[in-house]
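**Student:** generate a structure from the sequence data that follows.
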Amino acid sequence: MLFRSDDDATRDVLKAGGYNYYEGESVLAEVDDRPGGMLSVLERLGAAGVNVYGHLFTGRWGDRATFAFVVDDAARARAALETAES
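**Tutor:** Got it, this is the predicted structure:
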């Protein structure tokens, strides 16, 4: 997962290097920092029909961890995660 400030230059470098890549929007999810914590998020996304193309651990605070997930439908992913939190 890459976060960049110049999309065009990044695409040019990846193409020139022959790399395969996927461009998508990411959503953030906070999970319990325990075995299976991320699984609960993936199960909610899967049940909503959302495909996950990649993820990135972004931090840990106490007993919680945050991940960014690159998904095929960010709006549906956010709705699935918000529903689970309410």
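
**Student:** distance of the residue of the chain positioned farthest from its centre relative to residue 23?
**Tutor:** What lies farthest from the middle of the chain is residue 16; by CA atoms, centre = their mean that is 25.8 Å. Note on residue 16: its distance to residue 23, by CB to CB, to the nearest Å, is 16 Å. All C-beta spots, glycine's among them, are computed from the backbone N, C-alpha and C.

**Student:** tell me what the top strand by length along the chain is packed against?
**Tutor:** The single longest strand within the chain, with elements called by DSSP state E, is strand 52-61. Under the contact definition 3 or more CB pairs under 8 Å, 6 or more residues apart in numbering; DSSP states H and E, strand 52-61 sits against helix 37-47, strand 64-71.

**Student:** reformat these as CSV; add mean pLDDT and mean neighbour count.
**Tutor:** CSV is the format used below for these (pLDDT from 0 to 100; neighbours: other CB atoms under 10 Å):
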stretch, mean pLDDT, mean neighbour count
helix 37-47, 93, 16
strand 64-71, 93, 18
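
**Student:** for these, which one sits closest to residue 29?
**Tutor:** helix 37-47 (4.7 Å; CB to CB).

**Student:** before we move on, the earlier item: what angle separates the longest strand of the chain from strand 64-71?
**Tutor:** 160 degrees (axes from the mean of the first three to the mean of the last three CA atoms, to 10 degrees).

**Student:** for strand 52-61, give the mean pLDDT please.
**Tutor:** Here strand 52-61 scores 91 as its mean pLDDT.
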